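Engineer: what shape does this take:
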Amino acid sequence: MGETSKRSGEHGEEIVEKFLRDIIGYSNIQTNKKIECVYNKKHIISTSSNRITHGADAIVYGKNNLKDDNLEVGIISIKHTIDHYPTLTSFDTKFQEYFKELVFTINCFKKHPLSSTINQSKIAEGVKSTDYIGIIFWLSNKGKKEDDEWNIRARISSKLTTLENEIYDKVLVVDNDIFEFLYNNLLHIKKTFEKVDFIYPKTGFNLSSSNLGYGSKLPLLYLNSNIIPLRIEDKGDKYLFLLIKDSFSEENFMSLINLAKNLNTLQTTNSTIFSFPNFNKFEHEQIIEKVLALNGIDENFSSQIKVVKHNIDFRNNE
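Structural biologist: You can find the predicted model right below:
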């Protein structure tokens, strides 16, 4: 049993490290770091009388392209189970254990020499603030029996993320549901096109002229996003590509049209592509025509719009 658990843990770490490095652009991964505990009594777990260390499965960092003069540091906990996700109270108990330990690790990491080293590194030049983002990758090796089985984020109540006397910036949870969406589709897109970049939309927080607006790193906060905006270059053409987790619907498509118009302010793309998990050309073509015929949608813009399915099949062959 111990050997199986060890193999499962190593397998999970291997999957997540490939995802971080090859798919979302973090080549500076540091793995399996021991972090000395600075709150020895406060962070006691189990039956021990004194806490000595915490373990960070992975640490990544980089300039935050969604916020000027800011460094993002991701402190990552990787959990991999060979079985289905637990249910009922066993899920609550297990998740709170994982969550609490990650928050403890983040707060001790902030005072660790490695944190100082990262904040004084070349990549951190010019930063005025640092955001420490905890990320729990909790993956299951089992296929799903029901549609919502993999979406454990929907089962996380506020009481499971409330810790007395602990302050933390953000903790993201990546389950099979979001991980499959990101991993499978981004890997396929990167293999299909010559150059794929993540788009960094302009907000009130990233107005710096040095912000190119796109790059090779996925902002860590996008890990919980249902829409991933991409800039693609292929065979001399440029595309705005919206990778969408939610199913196609008229309402959804209309809101995404407005998002695409805001992202495509430079009007430099040859096509604007919307990719949905369930797109069916026969069922949805008339809805697309109806939406694009609405007043207020620029004719030049609407003429370059294309809707596809994530993994194209015979029903959507062109």
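
Engineer: beta partners for K170?
Structural biologist: I133 (DSSP bridges).

Engineer: next up, the contacts around it.
Structural biologist: Shown in contact with K170 (C-beta atoms under 8 Å, 6 or more residues apart in numbering): D131, I133, G134, L221. Backbone N, C-alpha and C define where each C-beta goes, glycine included.

Engineer: between the residues you listed, which is nearest N280?
Structural biologist: Ranked by distance to N280 (C-beta to C-beta), the contacts of K170 are led by L221 at 31.5 Å.

Engineer: that closest one: what secondary structure?
Structural biologist: helix (DSSP: H, G, I helix; E, B strand; the rest coil).

Engineer: I'd say it and L172 touch.
Structural biologist: Yes. Using C-beta atoms under 8 Å, L221 is in contact with L172, at 7.4 Å.

Engineer: on that earlier part again, I'd like the contacts of K170 as TSV, with distance to Y214 appended.
Structural biologist: Formatted as TSV, those follow (distance: C-beta to C-beta, whole Å):
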residue	distance to Y214
D131	21
I133	21
G134	26
L221	16
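
Engineer: determine which two of these are furthest apart.
Structural biologist: Among the contacts of K170, G134 and L221 lie farthest apart (C-beta to C-beta), at 12.2 Å.

Engineer: ok, which stretches of the stretch 151-300 of the chain are helices?
Structural biologist: 176-192, 250-263, 281-292, 299-303 (DSSP state H, counting those that start in this stretch).

Engineer: what mean pLDDT does the first one have?
Structural biologist: Per-region confidence: helix 176-192 scores 94 on mean pLDDT.

Engineer: now do it: which elements does it pack against?
Structural biologist: strand 129-140, strand 195-199, strand 227-234, strand 237-244 (3 or more C-beta pairs under 8 Å, 6 or more residues apart in numbering; DSSP states H and E).

Engineer: minimum distance to I257: which of these has it?
Structural biologist: From these, taking C-beta to C-beta, the stretch that ends up closest is strand 237-244, at 9.9 Å.

Engineer: list the buried residues in that closest one.
Structural biologist: Y239, L240, F241, L242, L243, I244 (16 or more other C-beta atoms under 10 Å).

Engineer: the third one touches I232, doesn't it?
Structural biologist: Yes. At 5.1 Å, F241 counts as touching I232 under the criterion of C-beta under 8 Å.

Engineer: please enumerate the shared neighbours of those two.
Structural biologist: With C-beta under 8 Å, 6+ apart as the test, F241 and I232 both reach I189.

Engineer: just for the stretch 151-300 of the chain, where's the confidence low?
Structural biologist: Along the stretch 151-300 of the chain, segments meeting pLDDT under 70 span 209-211, 265-268, 295.

Engineer: repeat the analysis, applying 50 as the threshold.
Structural biologist: Applying pLDDT under 50 to the stretch 151-300 of the chain flags residues 266-267.

Engineer: the helices of the stretch 151-300 of the chain: which one's closest to Y200?
Structural biologist: helix 250-263 (10.0 Å).

Engineer: phi first, then psi, for the residue nearest to K309 when sequence neighbours are not counted.
Structural biologist: Nearest non-adjacent residue to K309, counting by C-beta to C-beta, 6 or more residues apart in numbering: F279, 4.2 Å away. Phi and psi for F279, reported as degrees, to the nearest 10, are phi -60, psi 130.

Engineer: report how many residues lie close to F279.
Structural biologist: F279 has 22 neighbours, counted by other C-beta atoms under 10 Å.

Engineer: any idea how far it lies from K110?
Structural biologist: Distance of F279 to K110, computed by C-beta to C-beta, to the nearest Å: 44 Å.

Engineer: next one: K190
Structural biologist: The spacing between K190 and K110, counted by C-beta to C-beta, is 34 Å.

Engineer: likewise E285?
Structural biologist: Following C-beta to C-beta, the distance that separates E285 from K110 is 53 Å.

Engineer: between these two, which one's more packed in?
Structural biologist: Counted by other C-beta under 10 Å, E285 and K110 do not tie: K110 has more neighbours, with 18 against 13.

Engineer: what's near enough to touch the more buried one?
Structural biologist: Neighbouring residues of K110 by C-beta under 8 Å, 6+ apart: Y132.
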